[in-house]
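A.B. asks: how would this look folded up:
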Amino acid sequence: MNLKQRFSDAVPFDLFVQYAMANAELWKAQWRRATVSDEALARVHALSGRWHLLVLIEDWCGDAVNTLPALAALAERAKNLDLRVLSRDGNDDLMKAHLTGGEGGSRSIPVVIALDDDFVERGWWGPRPTPLREWFDTTGRELSKPDRYKHMRGWYARDHGVSAVDEVIAVIESANRVSRAA
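C.D. replies: Numbers count the residues shown, from 1 in each chain. Take a look at the predicted model:
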């Protein structure tokens, strides 16, 4: 699997949003409102080398529409980070390599794959921020689907993508430390 070619073939986030069919207005609204803190930007600028985020998503995904705009805003502002998106369903081999829960797990998205300057995978994140994932895996599963999604939408509305940005940066920071130590 040539990740450099996959990244090159993937679409920039703004183009993805332009052509999103499902949740089209929500994608556009989230992208217009997406911001990133100066602290998060400073953390990315402190990394050595250039980093690439290759994201597996589909436009219907509620977790993606609530996390990816903030990550794209980070990539847009950071001089050493870029982001591209691929269809989960059109890249089955990549999805199988990044199942939630490991082999035999679920095809949950988004999946954010951190690639170094040479397009070598150094880690990945997904499908949702840790506090929400932990809630979903316990209390959330006990709720009806409408109640579960109502809670999740509220959580995302309060978080504004901050948790996803923080966790993805932590993945890259960890990979950066390992690559410098090698």
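A.B. asks: buried stuff in the longest helix seen in the chain?
C.D. replies: Ranked by number of residues, the top helix in the chain under DSSP state H is helix 162-181. For helix 162-181, a neighbour-count test (16 or more other C-beta atoms under 10 Å) marks 162-169, 171-173, 175-176, 179 as buried. Backbone N, C-alpha and C define where each C-beta goes, glycine included.
A.B. asks: So which residues of the protein form helices?
C.D. replies: Under DSSP H, the chain gives helices at 3-9, 13-19, 24-33, 38-45, 62-77, 92-96, 130-135, 141-142, 145-159, 162-181.
A.B. asks: Identify the residues contacting the residue nearest the centre of the chain.
C.D. replies: Nearest to the mean C-alpha position of the chain, by C-alpha atoms, centre = their mean, lies Val112 at 4.1 Å. By C-beta atoms under 8 Å, 6 or more residues apart in numbering, Val112 lies in contact with Leu53, Leu54, Val55, Leu71, Trp124, Trp125, Gly126, Val168, Val171.
A.B. asks: Who is it paired with across the strands?
C.D. replies: Applying DSSP bridges to Val112 gives these bridge partners: Val55, Trp125.
A.B. asks: measure it to Met95 for me?
C.D. replies: Counting by C-beta to C-beta, to the nearest Å, the gap from Val112 to Met95 is 13 Å.
A.B. asks: again with Ser174
C.D. replies: Distance, Ser174 to Met95, using C-beta to C-beta: 23 Å.
A.B. asks: How about Pro127?
C.D. replies: From Pro127 over to Met95 (counting by C-beta to C-beta), the distance is 11 Å.
A.B. asks: Which neighbours do the two have in common?
C.D. replies: Between them, Pro127 and Met95 share these contacting residues under C-beta under 8 Å, 6+ apart: Ile109, Val111.
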